[in-house]
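[1] Output the structure for:
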Amino acid sequence: MKTVYFTDRSGVEQNALQSLLAFEEKPTIGRIAVFPDIHYCSERAIPVGVAFRTTEVFFPLVTGKDMGCGVAYLRIPRPDVLRPFDKARHYRAFEREAHGMTNEGLGGGNHFLSLEESADYLYLIVHTGSRNLGIYMYQENSRLLQQHNPGHDWLPIGLATPSYRQEYERVLAYAASRRREFLLKTYEFLQRNQYVAAGTPVLADSCHNLLEFRPDGVIHRKGSTQLAADGEVVIPLSMSRGSLIVKPNRWAAALEQALWSCAHGAGRRYSRTDTLKHWHSLKKADKEAYRQRFAELLNRQGDFDSSILQEFDFAYKDSAALLATQPYLICCDETRPIVTVKFTGV
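    Now for the predicted structure:
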């Protein structure tokens, strides 16, 4: 079977399914893996939330301008945590600090910087990508297409020369270095304000928007997280639910079918329109519970902007569903959110 679904196929939105089926027909496409967070993308021929393999060609624009985008964590053992984070006193200071952590910011959309916790650890988690360097590489790829294969979205594999791959890897490395910078500066902020003691926290990084050039072909990941043997990755669930920390079961047969990839998010349960309808249908007490828990995210009118509501738990599938349809994943930890910063940078 060319396409393997690690989600309920009947639950895939129709416009995403139609673009996926059309993409399947391309003779140069090998295995396709589809994940629970698949959703339609108007800018490209294939939806977000998939991975696919090619051998003779590659699709340089499939990941869009934010190639190298990914999620990283810095994990701090509970004994190094000196006291709970005081949102009333330090959230705004943390938010201001986040604006100046890099010269390009987090970026918009679903990019974020958060503090999250589990029973044993405090996690600093960031989701961001390559920003301007990714735009530069996108423009270079567009130029190559125009020069060598105008009117098409693929290039022969021979054009992925050693120098091209080196430049591509530079973009991926830059994105990873930006995530590391956010995490280390957040760690410094917490130390400076006496929330954590100096120690040896563990950093883990993953990427979900990339082309992986391998001896046996190219794995394209468009909103699907790259897995490595025994390496942990973050799957953000929602702003109000937290994240899953998972790693691959290297002995699972399905891992090869999944192209060593997994979901990069929980996947939406409701459309954006239905999410707003759900919010308006909630009882007053339920809405007030969200306002009390996430008071730092309220606007001047004392309510949540629609962009914030889109990130709340009711809009997304839960962690049990994610793990059930991706049985090759091992759940290492699950977090709950403390604070989240979004929308820094342009």
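[2] what are the ranges of the helices in the stretch 151-300 of the chain?
    Applying DSSP state H, counting those that start in this stretch to the stretch 151-300 of the chain gives helices spanning 162-192, 254-257, 272-281, 284-293.
[3] which residues are contacting the second one?
    Taking CB atoms under 8 Å, 6 or more residues apart in numbering as the criterion, the residues outside helix 254-257 that touch it are 4, 6, 31, 33, 227, 248-249, 326-328. C-beta: built from backbone N, CA, C; applies to glycine.
[4] need these in JSON lines with neighbour count, pLDDT and distance to R269, can you?
    Below are the contacts of helix 254-257 laid out as JSON lines (neighbours: other CB atoms under 10 Å; pLDDT from 0 to 100; distance: CB to CB, whole Å):
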{"residue": "V4", "neighbour count": "15", "pLDDT": "96", "distance to R269": "22"}
{"residue": "F6", "neighbour count": "25", "pLDDT": "97", "distance to R269": "17"}
{"residue": "R31", "neighbour count": "18", "pLDDT": "95", "distance to R269": "28"}
{"residue": "A33", "neighbour count": "25", "pLDDT": "98", "distance to R269": "21"}
{"residue": "L227", "neighbour count": "23", "pLDDT": "98", "distance to R269": "24"}
{"residue": "P248", "neighbour count": "23", "pLDDT": "98", "distance to R269": "25"}
{"residue": "N249", "neighbour count": "15", "pLDDT": "97", "distance to R269": "26"}
{"residue": "Q326", "neighbour count": "23", "pLDDT": "97", "distance to R269": "17"}
{"residue": "P327", "neighbour count": "14", "pLDDT": "96", "distance to R269": "21"}
{"residue": "Y328", "neighbour count": "20", "pLDDT": "97", "distance to R269": "23"}
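[5] farthest-separated two in those residues?
    R31 and N249 (19.1 Å; CB to CB).
[6] And R44, what's its pLDDT?
    pLDDT, R44: 61.
[7] My error: substitute F189 in the last question.
    Predicted confidence (pLDDT) for F189: 98.
[8] Could you measure from it over to R178?
    17 Å (CB to CB, to the nearest Å).
[9] cool, S10 as well?
    From S10 over to R178 (counting by CB to CB), the distance is 39 Å.
[10] what do you get for V50?
    For V50 relative to R178 (CB to CB), the value is 25 Å.
[11] Can you show me the strands along the stretch 101-250 of the chain?
    107-117, 121-128, 155-156, 202-207, 209-214, 217-222, 224-226, 233-238, 242-248 (DSSP state E, counting those that start in this stretch).
[12] The ones you listed: which one's closest to H264?
    So among the strands of the stretch 101-250 of the chain, strand 224-226 is nearest, using CB to CB, at 4.7 Å.
[13] quick one: that closest one to chain centroid distance?
    8 Å (CA atoms, centre = their mean, to the nearest Å).
[14] Give me the mean pLDDT for it.
    On average, strand 224-226 scores 98.
[15] In a markdown table: the helices of the stretch 151-300 of the chain, plus distance to P337.
    Shown next, in a markdown table, are those (distance: least, CB to CB, whole Å):
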| stretch | distance to P337 |
| --- | --- |
| helix 162-192 | 14 |
| helix 254-257 | 29 |
| helix 272-281 | 18 |
| helix 284-293 | 9 |
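[16] Deepest-packed of those, please.
    helix 162-192 (a mean of 17; mean count of other CB atoms under 10 Å).
[17] picking up where we left off before, out of the helices of the stretch 151-300 of the chain, which comes closest to M137?
    Of all the helices of the stretch 151-300 of the chain, helix 162-192 comes closest under CB to CB, at 4.8 Å.
[18] starting at the chain centroid, how far to that closest one?
    For helix 162-192, the distance to the chain centre is 15 Å (CA atoms, centre = their mean).
[19] What angle do strand 121-128 and that helix make with each other?
    140 degrees (axes from the mean of the first three to the mean of the last three CA atoms, to 10 degrees).
[20] Just name whatever secondary elements helix 162-192 is in contact with.
    Using 3 or more CB pairs under 8 Å, 6 or more residues apart in numbering; DSSP states H and E as the contact test, the elements touching helix 162-192 are strand 70-77, helix 87-99, strand 107-117, strand 121-128, helix 131-148, strand 202-207, strand 209-214.
[21] quick one on the thing from earlier: what's the closest of the helices of the stretch 151-300 of the chain to A321?
    Of all these, helix 254-257 comes closest under CB to CB, at 16.2 Å.
[22] what mean pLDDT would you report for that closest one?
    Helix 254-257 comes out at a mean pLDDT of 96.
[23] got the CA coordinates for that helix in CSV?
    C-alpha atoms of helix 254-257 as CSV (Å, rounded to 0.1, in the frame of the first residue of the first chain):
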residue,chain,number,x,y,z
ALA,A,254,5.2,0.3,12.0
LEU,A,255,8.1,2.6,12.5
GLU,A,256,9.5,2.0,9.0
GLN,A,257,6.0,2.4,7.5
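[24] Burial check on the spatially closest residue to C69 that is not a sequence neighbour, number of neighbours?
    Nearest non-adjacent residue to C69, counting by CB to CB, 6 or more residues apart in numbering: G129, 3.1 Å away. Neighbour count of G129, defined by other CB atoms under 10 Å: 29.
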